[in-house]
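return atomic coordinates for the entry below.
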Amino acid sequence: MNYSLSEILVIDIETIRSTASYDELSERLQKQWDRKAFTLRNPDEITPDEMYHERAGIYAEFGQIIVVAIGFYVYQKEEWHFRVRAISSDNEKELLEKFIEVLSKFNPKTTYLCGHNGKEFDFPYLSRRLLVNSLQLPELLDTAAKKPWEVNHIDTMELWKFGDRKNYTSLDLLAAIFEIPSSKSDIDGSQVSQVYYEENEEGLERIAEYCARDVIVTAQLLLRLKGQPLINEKNIHIVE
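Sure thing, here's the model as predicted:
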């Protein structure tokens, strides 16, 4: 892919299980989760309701998006800057409508979406939840009938794989080896549902900040994978 930094939108999402507990699922969805859990678990180790609490948020059929963070590179005064905005809401449809509004400001023919493991998680998850909420897919996410080289998606984890399909490398590990300041603070991805359901509005603010910082790390990682220097921290801005 031939692209310049100014054409890239770096995104990350934070997801939670769709209800605080398994018991709050409809009977119909409980049955569907039981079937899903059966294929994922050792029945002697964990029950379906325990697995729902731990893992439902990573599946678009049983989860929902509470934060989408979007960042972009700006070249000013002979220096690269990076700006990121985190959109958060308890109302998933309203959040996704705001996300669509942001994407509508960019030309889908010349804009690229970038994420870490974005091709396997963020991009398909967003697409599925948009459809569940009866929203039209933006062209940047609609991959139907497109040839691989026509899909404007960049995945920093895929770039690091160099064709090794077995390899999974976390963003935090790559940040460590490339000496990029970490996004990790007092929470991590596995704690997002717990923080959200236990802390409500304050928890959502913490999660949004965490998500924005993940976008910053991904943006810095892309630079290192392209052999370019990191953006100076004074040129990185989280905006409203």
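
in the chain, which strand is the longest?
strand 63-76 (DSSP state E).

which neighbours in the sheet does it have, and how are they oriented?
Sheet pairing here is set by DSSP bridges, and for strand 63-76 it gives strand 8-17 (antiparallel), strand 79-88 (antiparallel).

just put the ones you listed in a markdown table and tack on distance to residue 152 and mean neighbour count.
C-beta: built from backbone N, CA, C; applies to glycine. Below are those laid out as a markdown table (distance: least, C-beta to C-beta, whole Å; neighbours: other C-beta atoms under 10 Å):
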| stretch | distance to residue 152 | mean neighbour count |
| --- | --- | --- |
| strand 8-17 | 9 | 25 |
| strand 79-88 | 19 | 19 |
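
can I get those in TSV including distance to residue 146?
Formatted as TSV, the strands paired with strand 63-76 follow (distance: least, C-beta to C-beta, whole Å):
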stretch	distance to residue 146
strand 8-17	18
strand 79-88	26
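
as CSV, these with distance to residue 36 and mean pLDDT would be great.
Shown next, in CSV, are the strands paired with strand 63-76 (distance: least, C-beta to C-beta, whole Å; pLDDT from 0 to 100):
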stretch, distance to residue 36, mean pLDDT
strand 8-17, 12, 97
strand 79-88, 27, 96
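
for those strands, which one sits closest to residue 222?
Closest to residue 222 of the strands paired with strand 63-76 is strand 8-17 (C-beta to C-beta; 7.2 Å).

chain center to that closest one: distance?
Centroid displacement of strand 8-17 relative to its chain, using C-alpha atoms, centre = their mean, to the nearest Å, is 2 Å.

which element follows it toward the C-terminus?
Note on strand 8-17: by DSSP states H and E, the next helix or strand toward the C-terminus is helix 27-40.

what is that following helix packed up against?
Using 3 or more C-beta pairs under 8 Å, 6 or more residues apart in numbering; DSSP states H and E, the elements in contact with helix 27-40 are helix 48-55.

average model confidence for the helix it packs on?
Helix 48-55 shows a mean pLDDT of 90.

which residues are in contact with that helix?
17, 21-23, 25, 33-34, 37-38, 40-41, 46, 62, 193 (C-beta atoms under 8 Å, 6 or more residues apart in numbering).

right, so of the strands paired with strand 63-76, which gets closest to residue 155?
Closest of the strands paired with strand 63-76 to residue 155 is strand 8-17, at 11.2 Å (criterion: C-beta to C-beta).

what angle do that closest one and helix 27-40 make?
110 degrees (axes from the mean of the first three to the mean of the last three C-alpha atoms, to 10 degrees).

ok now do residue 67, which residues does it touch?
Contacts of residue 67 (C-beta under 8 Å, 6+ apart): 13-14, 86-88, 95, 204, 207-208, 211.

same thing but 7 Å
13-14, 86-88, 207-208, 211 (C-beta atoms under 7 Å, 6 or more residues apart in numbering).

quick check, nearest of these to residue 142?
Using C-beta to C-beta, those come closest to residue 142 at residue 13, 17.3 Å.

what comes up buried for the helix ranked longest in the chain?
When the chain is parsed with DSSP state H, its longest helix is helix 192-225. Neighbour counts over helix 192-225 (16 or more other C-beta atoms under 10 Å) mark 192-196, 203-204, 206-224 as buried.

rewinding a little: how far away from the center of its chain is the longest strand of the chain?
8 Å.
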